[in-house]
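>>> Pasting the sequence and the predicted model now:
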Amino acid sequence: MKEILIRLFCAFIGSYGFSLLFGLRKRHLLLASLGGLFSFAVYLGVDALAHNAFLATLLASVFAVFYAEVLARLRKCPATLFVIPAIIPLVPGGSLYYTMSNAIRGDLPEAVTYGRQTLLAALAIAAGLSFVETLWQLAAKKEGR
């Protein structure tokens, strides 16, 4: 349990730091950072239940976009301000590092293994973003906006 809380705290801090670098206004910082914490919590929960990193990343990115779209409507600002910090904890930086490290050392089987993980995580993030964004746009057209 302690490890999970530390990981969630780190997700929050990472999202907060990226939000600062992204130039987010102070009034949006907390909610944007909480999006990173919540999306990573979804990732951890789904991964613990399903033991499937692709599904966990996909559902966490779906949650991140939904969270961002709702906040964008409530705060009357672009959803991008909330979605980017919310997906930061999902970005497969570690597996990308290990892919490149193993490739440089000449351990191609390990590089391919980590490369596959990296591509699947990136694909899951992109699919989750695209899916919710498409549904949101269709709903907006149906309402006549």
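Arrived safely.

>>> who touches the most centrally placed residue in the chain in this structure?
The chain has residue 87 as the residue nearest its centroid, 2.2 Å off, counting by CA atoms, centre = their mean. Going by CB atoms under 8 Å, 6 or more residues apart in numbering, residue 87 touches 36, 39, 61, 64, 125, 129. Backbone N, C-alpha and C define where each C-beta goes, glycine included.

>>> and those, which of them are in helices?
Judged by DSSP state H, helices contain the following of these: 36, 39, 61, 64, 125, 129.

>>> Tell me how many other residues surround the fourth one.
As a burial measure, the neighbour count of residue 64 was computed by other CB atoms under 10 Å and equals 30.

>>> could you measure residue 71 against residue 86, distance?
Residue 71 is 9 Å from residue 86, where distance means CB to CB, to the nearest Å.

>>> now do residue 112
Residue 112 is 30 Å from residue 86, by CB to CB.
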